[in-house]
Each structure stands twice: as structure tokens, then as C-alpha cells.
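Q: Quick one: sequence plus predicted model below, questions after.
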Amino acid sequence: MTTPAAPQARPVRPARPARPARPARPRAVAAPRPALQRPRECAVTGVAVGLARHLGAPVWAVRALFIVLALLGGAGILLYLWCWAFIPWEPGAATPTHAVPVAWILLIVAGTSLIVAFLGVDQYQNWGWAPYAVPRIIGGFAVAVAAATVAGLWAGFVDRVDPARGAGHAILTRVIAIGTLVVVLVTVSGQVARGVGPVVGTAGILLPALAILAVLSPALIQQYRELTGERIKRIREEQRAEMAAHLHDSVLQTLALIQNRAGASSDAARLARAQERELRAWLYDGDQPADSDLPTDLRDYAGALELDYPVRIDVVSAGLSTERASGEVAAAAREAMLNAARHAGGEVSVYIEGRVAGVDVYIRDRGAGFVLDDVPDDRLGIRQSIVGRMRRAGGVAAVRSTGSGTEVHLHFDGGSSA
Amino acid sequence: MREQIRVVIVDDHSIFRSGLRSDLDDTVVIAGEASDVPSAIAVITEACPDVVLLDVHLPGGSGQDATGGEEVIRGCAGTPTRFLALSVSDAAEDVVRVIRAGARGYITKGSSGIEVSRAAHAVAGGDAVFSPRLAGFVLDAFGAVAGETAAVDDELDRLSAREQEVMRLIARGFAYKEVAAELFISVKTVETHVSAVLRKLQLSSRHELTAWASERRLL
């Protein structure tokens, strides 16, 4: 308890900084390069920062390089996508978050190019001519479709799981993206009706339509996954129920019989009981996490004691169980159960009655009993671990011992945590 | 020496029946055995035993196995036979359902032959057999822990103060005799209280008693 912590326990800090917040001055370190990984808190995808760390270059330089390369026939874009696809996230449990609202920026781009395209169409129809009309119209619609599609996909795949944005945000951006695409589709169909070349017309209708499907796909994919997951879960549940029924009819009966025949506190009965408890917990509690309230905790502890001592402990609880398993009451109850198992053995009953504020715990054994005053002062069990502990926690512990058994009653009042 | 009683063992596991048969003490005579609902009803109406040791889960009924025990009790409604439910499952819905169907007590299959014999005698004598677990559940289900107390003795949805005391002591692991000594009353009075509680458990209209119990994993 007062033993000083071992000095060498502190681990040596690894040479690679886990998450350097600023682009470190590169040349100073001769240590091995940081692995090529994307940080989980990134601006867009983390490619630039990851590369910069790996290369020891400033982040702005990497970004500038990408932009310059992108202007050279789009090589930078390909490189960026390639890096994005193949550079792993840095290890960690956190869901990646993206600082830049990519979806919104793309939607603004889409909206702007849509306006540009509409202005072109307007001028063309009114005057029959506009400067660069055809590239403006076709390019505007094309960029609008592309940007809206990417925005919708980004929202559906990336933003939906991003804790900084969330599902509501994703739905909003996707609705806007689809709206944009529908506007394009309607406009282009109108133009096709007036007579445009067949190639342009087909592409003009097909592309926005495909884009709408693409934006909708994350929702469809997710729904499909949920459906499959649901089915698998149901099948598992059914199998589990079948197995539970089978085990109930065979193994549990046999375990009950063993206990029945072997006598309450014999080794065989104790083993059978422990097995029965484990099997039962597995069968009926399923995957639900065991909530660690007082009765659950004492039940687990009783199970452990039954393995170590020739004793059978019945834990019964009634009422609310607001008392935490880590509290002083639980500690005192455990001590009392240990005493009963160690000194009395046989059958031990534990009864927990929880009220809105406070709890009563009774631990009763059928041992030979003892006189509290006869217990030597240096024996800490009862005096310190039970009575003293309850008093310090603001409760009361009463020990009543007769020739036919001992009962420890722990009483704790008040809602304050023990 | 207690007088002899005649029992019928109803359980679909022959290994359990044979185990129990050899384990029960001399005062308990086996009048018959059955392994499913129709044969159980036939054997009970014919042998007319004092007590039936009845497995809660039983095949051959009209519904699921889990309700087989109840069907036997209902099928034997005319006979004076009393029922003691045996269960491995400890699941609240099973136990409470079979008690509400008319069983006079409940005991786990892990109990020793002596315990089962004792319980059978108690049931044969018209008393109820409550395990600590069942007592804890009753306290909870009738709101005794929350401080609800019956004003009149025959109120069905609540326990009287005395009944609560008795139930609490049983939940704490006291035998009837010890309860009597603790409360300075006779064993007969304790048995009366327990029977009253059993009657309330069977007749109470407290809503959804079983569903509520299983939801909270009380038994």
C-alpha cells in the first residue's frame, strides 16, 4: 500500500513522436523516419500531413507540390487519390475527423458552376450568342454534376461516421447534392427536347441520373448491410435458443442431479454448482454486459468462494439495487461472506434489500458461532473490515452470533455514495 | 417418525427420476412416475397421491414445454392432490406461472433428497414451501421493499406487516422453526402466514407479475 512505485516502471518514450502537433524542423533528427501514416485528426484526408511527416518536409510544401502536379495534366490529383487509397490511418481507436467541410465546399462549387451554366443558357436563348457559350454551359453542368456527386458520396461515406459532423449533417448535404443533380437533369432534358446532338443529349441525361444513384448508394448499401446483419443476428439468436433448450434439458439436469446426489458441500456438488452457474450465465444472460450492481457483484463473489471453500452460498436480492459494487457496503459484505465461508462453511444465505436510499445486507451462516469479545484484538476481519468499515462509511454493522449460526447485518442509509 | 406420504414424480428425464427415487427418504413412497403431460394426468388420477413432484418444463402438452407443468395441474383440477414444483431453471416466469397455476411450493432440482422429502411433507400437510429466492421475489413483487403495507389482512395486492417480516426472514435463510423463534410465534402461525402469502401470490391481480419479474431477472 505504501510501497513506493518501482522507478523503472516508466516506459522509455519512443523516438517517433506519436502525434507532432507542428511540422517539426526536419534536419535535427537522425532517428528513423516516422512511418507513412495519416493522422486521425486531419484537414481533408490526412495525406499531406502524413507525407510531410514521413519526408520531414513542411506540410505547405507537400500541398504546393500536389497543386503544381495537379496543374500538370492532373498527375497531382491521381497521386493524391493513390496516396489516399493506400496510406493507412495511424493506429488508434478514434474515428477519424476531418476539419475541412469538404462536402459544403464542393456544394458551393457545384452551385456556382450551375449559376454560370444557367447564365450561359439564358444569354444563348435571348441573343442566340454568348461569349464561350458552349464550353460555359457544358463545362458548368459537368462541374456541377461532378462536384455534387463527390459531395454526396463524401457526405454518405465519410461525414456520416465523422463525430464532428454526424448523420444529420450528412443527410442535409446529400439532399442538397441530389437537389442540384435533379436541377441539372431537368434542365438538360429540356434542352434535349429542343434538339441537341444525340451524344451530348444522352450523356447529359445519363450522367446526372447515374450521379443521383451514386449519391443514394451509401444509404442503400447501409440498408442492405443492416438487413443482412439483422438476418445473421436472428439466425444466431435462434441457434442460441435451440442450444440453450438442449443444454437445459441435458447438461443442467445432470448438474442438478450431481448436486442432488453428492451432498450439499461435497467437492463434486461444488464443482457442479459452479459449472451450472457459469453455464446458466452464458445461456441466459447472453451478450448483455453484466451490470456491476451490488447483487451481481456479491453473486459473482459467492461463486468464487464456493470454488475455494466447502460452502454453498445463496444470494437473494429484493428491491432496487442502486448501491454500487465498488462501495464500502460491498467490501464489508464480501468480508462477511469470506468469514462465513472460511469459518462456518455449509449453507450460507445472503439477502440484499435495496431501497431508494440505502441498503440492507444480511449474511447468515450456520456455523458454531463465536463471541465477538473473545476475538483477539489483532484479528482484523470482523472489527476492522466489517464493523469499522461500515462505521467509517456512515452505516451500521451488527453481528449476532448464537450456537446455531452467525448473522451479520449491514445497514447503510442515505443516497451519498459510500 | 413422520407418517408416510405417497408421491408421484413427473419429470421427462428418467435419470433425474431415478436419482430422486433413490434419494428420497423412507417416509416418502413413490406411487408412480410419468414423463409427459398426458401420462402424468393419467397416473395422478389413478394413483391419487398426496403430493406430485412436478417438473416445470414438461413435453406432451398442447403448448410449449415450458407450460407443461401448468397443464398437468389444470388437468388434475378435481383431485385433492397437491403439487410441489421442481425446476432447474429458476426463471421467474416459469416459477411464478406454475405457482399461480396452483402449485403449493417450489424447490430447485439441485436440492438434496432430504430437502425434497421435507418439502414434500410440508406440502402434503397443506403448507407452502418457499425458497429464500421466492421469498425475495415476493417481497419485491408486492412492493414491500418500497414500503407498501396492506391495511387489511385480506388485501390481495399487498402483504401485511407480519407477512413481510416472515418473508424477510425466509429470504435471509431462516427455516420456519427459526422464523417462529425469531418472531416469538408458533411454527403453525408461521405456516399460516406463508400460506396466506402463497394465496396472495396465486390470486393477486398485481399486473404482469411474471413478465415484470423476468424482465428484472429477480428469480
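A: Received it, and whenever you're ready, just let me know what you need. Every value quoted in this text rests on a predicted model; they were computed, and no experiment measured them. Residues are numbered from 1 along each chain as shown, chains lettered A, B, ... in the order given.

Q: Name the residues that touch stretch A:166-173?
A: For stretch A:166-173, contacts defined as CB atoms under 8 Å, 6 or more residues apart in numbering or on different chains pick out A:103-104, A:107, A:151-152, A:155-156, A:159-160. In short, each C-beta sits where N, CA and C put it, glycine included.

Q: now those residues in a markdown table, with distance to B:L54, pLDDT and neighbour count?
A: Shown next, in a markdown table, are those (distance: CB to CB, whole Å; pLDDT from 0 to 100; neighbours: other CB atoms under 10 Å in any protein chain shown):
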| residue | distance to B:L54 | pLDDT | neighbour count |
| --- | --- | --- | --- |
| A:A103 | 66 | 85 | 28 |
| A:W104 | 70 | 87 | 18 |
| A:L107 | 71 | 88 | 26 |
| A:A151 | 68 | 87 | 26 |
| A:G152 | 65 | 86 | 30 |
| A:A155 | 62 | 83 | 29 |
| A:G156 | 59 | 81 | 24 |
| A:D159 | 61 | 79 | 25 |
| A:R160 | 56 | 77 | 20 |
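
Q: check contacts around the single nearest residue of the stretch 251-400 of chain A relative to chain B.
A: The minimum distance from the stretch 251-400 of chain A to chain B, using CB to the nearest CB, falls at A:S349 (2.4 Å). Neighbouring residues of A:S349 by CB under 8 Å, 6+ apart: A:313-314, A:316, A:362-365, B:132, B:172-173.

Q: Quick check: the closest residue to it other than its chain neighbours vs A:G346, distance?
A: Leaving out its chain neighbours, the residue that sits closest to A:S349 by CB to CB, 6 or more residues apart in numbering or on different chains is B:G173, at 2.4 Å. Using CB to CB, to the nearest Å, one gets 11 Å for the distance from B:G173 to A:G346.

Q: Looking at the two, which is more packed in?
A: Higher neighbour count among B:G173 and A:G346: B:G173, with 25 against 16, using other CB atoms under 10 Å in any protein chain shown.

Q: show me where the stretch 1-150 of chain A has strands.
A: For the stretch 1-150 of chain A, the strands defined by DSSP state E, counting those that start in this stretch cover A:41-42, A:97-98.

Q: and the closest residue to A:G346 other than its chain neighbours, what are its phi and psi?
A: Here the nearest residue to A:G346 in space, its sequence neighbours aside, is A:R366; by CB to CB, 6+ apart that works out to 5.3 Å. Dihedral pair for A:R366: phi -120, psi 40, per degrees, to the nearest 10.

Q: And for A:R366, the neighbour number?
A: Neighbour tally, A:R366, other CB under 10 Å: 18.

Q: what sits against it?
A: So A:R366 contacts A:344, A:346-348, A:404-405 (CB under 8 Å, 6+ apart).

Q: Now rank the contacts of A:S349 by neighbours and give me the top one.
A: A:I363 (30 neighbours).

Q: Next up, the contacts around that residue.
A: Applying CB under 8 Å, 6+ apart, the residues near A:I363 are A:333, A:336-337, A:340, A:348-350, A:407-408, A:410.

Q: Reformat those as TSV; add pLDDT and secondary structure.
A: Shown next, in TSV, are the contacts of A:I363 (pLDDT from 0 to 100; DSSP: H, G, I helix; E, B strand; the rest coil):
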residue	pLDDT	secondary structure
A:A333	88	helix
A:A336	88	helix
A:M337	89	helix
A:A340	86	helix
A:V348	88	strand
A:S349	88	strand
A:V350	90	strand
A:E407	87	strand
A:V408	88	strand
A:L410	89	strand
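
Q: I'd like to know which of those are buried.
A: A:333, A:336-337, A:340, A:348-350, A:407-408, A:410 (16 or more other CB atoms under 10 Å in any protein chain shown).

Q: Verify the assumption that the residue nearest to A:S349 is located in a strand.
A: No. Using DSSP: H, G, I helix; E, B strand; the rest coil, the assignment for B:G173 is coil, not a strand.

Q: before we move on, back to that, in the contacts of stretch A:166-173, find the pair that's most separated.
A: Maximum pairwise distance in the contacts of stretch A:166-173, criterion CB to CB, is 15.7 Å, between A:L107 and A:R160.

Q: which residues in the stretch 51-200 of chain A form helices?
A: With DSSP state H, counting those that start in this stretch, the ranges of helices along the stretch 51-200 of chain A come out as A:59-71, A:75-86, A:102-127, A:133-157, A:167-195, A:198-249.

Q: what pLDDT, on average, does the second one get?
A: This means helix A:75-86. For helix A:75-86, mean pLDDT rounds to 88.

Q: and for it, what are the contacting residues?
A: A:45, A:47, A:50-51, A:65-70.

Q: Check which helix or strand the closest residue to A:R270 other than its chain neighbours maps to.
A: Distance criterion CB to CB, 6+ apart; nearest residue to A:R270, sequence neighbours excluded, is A:E306 at 5.4 Å. Secondary-structure assignment from DSSP states H and E places A:E306 in helix A:294-308.

Q: got the domain boundaries for the chain?
A: Using chain A. Domain ranges of chain A: A:32-93, A:101-232, A:290-413, per automatic domain parsing.

Q: that's the wrong chain, I meant chain B
A: The record's domain parsing of chain B by automatic domain parsing lists B:5-124, B:132-215.

Q: Pick the most deeply packed of the ones you listed.
A: domain B:5-124 (a mean of 20; mean count of other CB atoms under 10 Å in any protein chain shown).

Q: The one residue in the stretch 101-250 of chain A that gets nearest to chain B: how many residues sit nearby?
A: Nearest to chain B in the stretch 101-250 of chain A, going by CB to the nearest CB, is A:H248, at a distance of 6.7 Å. Per other CB under 10 Å, the neighbour tally for A:H248 reads 20.

Q: Repeat that for the one 10 residues further on.
A: Taking other CB under 10 Å as the neighbour definition, A:I258 ends up with a count of 19.

Q: Excluding chain neighbours, give the residue nearest to it in space.
A: Using CB to CB, 6+ apart, the closest residue to A:I258 is A:A272 (4.0 Å).

Q: same thing with A:G403?
A: A:G369 (5.4 Å).

Q: Pretty sure A:R400 is one of the things that neighbour touches, is it not?
A: No. Using CB atoms under 8 Å, A:G369 makes no contact with A:R400, being 9.1 Å away.

Q: Comparing the two, which shows the higher neighbour count?
A: Taking other CB under 10 Å, A:G369 and A:R400 do not tie; A:G369 has more neighbours (16 against 12).

Q: Quick check: the more buried one is in a strand.
A: No. Counting by three-state DSSP, A:G369 is not part of a strand but coil.

Q: looking at the helices of the stretch 51-200 of chain A, which is buried most?
A: Among the helices of the stretch 51-200 of chain A, helix A:133-157 has the highest mean neighbour count (mean count of other CB under 10 Å), at a mean of 21.

Q: Kindly confirm my reading that B:L84 is in a strand.
A: Yes. Counting by three-state DSSP, B:L84 falls inside a strand.

Q: so what pLDDT did it get?
A: 89.

Q: any common contacting residues for A:G369 and A:R400?
A: A:T406.

Q: Closest residue of chain B to chain A?
A: For chain B, CB to the nearest CB, closest residue to chain A: B:G173, 2.4 Å.

Q: That residue contacts A:V315, doesn't it?
A: No. The pair B:G173 / A:V315 is not scored as a contact, 10.4 Å apart, by CB under 8 Å.

Q: still on that earlier bit, so which of the contacts of A:S349 sit within helices?
A: B:P132 (DSSP state H).

Q: quick check, nearest of the contacts of A:S349 to B:H13?
A: A:D314 (23.9 Å).

Q: Bridged to that closest one, which residues?
A: Listed by DSSP bridges, the beta-bridge partners for A:D314 are A:S349.
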